[in-house]
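Colleague: Whatever this is, show me its structure:
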Amino acid sequence: MTTIEQLKTQKRSKNEGIMSQTIETPWGKAQCVTNITDWLIKVSTSSHGGLRVSQDYNQFIPNELRDGQGWYEEDCAWSIVVTFLEKFILVDCWDYHSMKTILHKDHIETFKRWYPDYTYLLPVNV
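Modeller: Numbering: from 1, shown residues only. Below is the predicted model:
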């Protein structure tokens, strides 16, 4: 398992913005892929979308909520990613909307609403 310290020392990519590559998602072929960090992307398809977390960071999401492939849909499951990876996103993020969401604590409210049986997993300071 990769430690938080190891992840902090890894070189960060300078690649920003929208990627032109096409990838398959659980919701179909991605029409738009946007880098939020070098380890987190946002995808949109013709019908749905969500977030894709790299395996190095996905391991920090609690087992009870972790998707083995790192895919989290855009309506509710996005809050799992932002709630449990918030400290990493704050360090690595270059996406204004994501930062605004964290600062307003929208992810915590969404998580509590959709995953009430898992609120015991929330970090103590939320």
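Colleague: if I look at residue 46, how far off is residue 27?
Modeller: Spatial separation of residue 46 from residue 27 under the definition C-beta to C-beta, to the nearest Å is 9 Å. Every C-beta, even on glycine, is put in place using the N, C-alpha and C of the backbone.
Colleague: Now for the residue nearest to residue 25 when sequence neighbours are not counted, how many residues are close by?
Modeller: Once flanking residues are discounted, residue 25 sits nearest to residue 43: 5.1 Å by C-beta to C-beta, 6 or more residues apart in numbering. Taking other C-beta atoms under 10 Å as the neighbour definition, residue 43 ends up with a count of 24.
Colleague: Verify the contact between residue 43 and residue 24 for me.
Modeller: No - checked against C-beta atoms under 8 Å, the pair residue 43 and residue 24 is beyond contact range at 9.7 Å.
Colleague: Residue 46 and residue 27: which is more packed in?
Modeller: Legend: neighbour count by other C-beta under 10 Å for residue 46 and residue 27, higher for residue 27 (17 against 10).
Colleague: Read off the pLDDT value for that one.
Modeller: Predicted confidence (pLDDT) at residue 27: the value is 94.
Colleague: SS state for the residue nearest to residue 25?
Modeller: Here residue 43 is strand, with the state taken from DSSP: H, G, I helix; E, B strand; the rest coil.
Colleague: residue contacts, the residue nearest the centre of the chain?
Modeller: Centroid check for the chain by C-alpha atoms, centre = their mean gives residue 81 as the closest residue, at 3.9 Å. Taking C-beta atoms under 8 Å, 6 or more residues apart in numbering as the definition of contact, the neighbours of residue 81 are 40, 51, 53, 61, 72.
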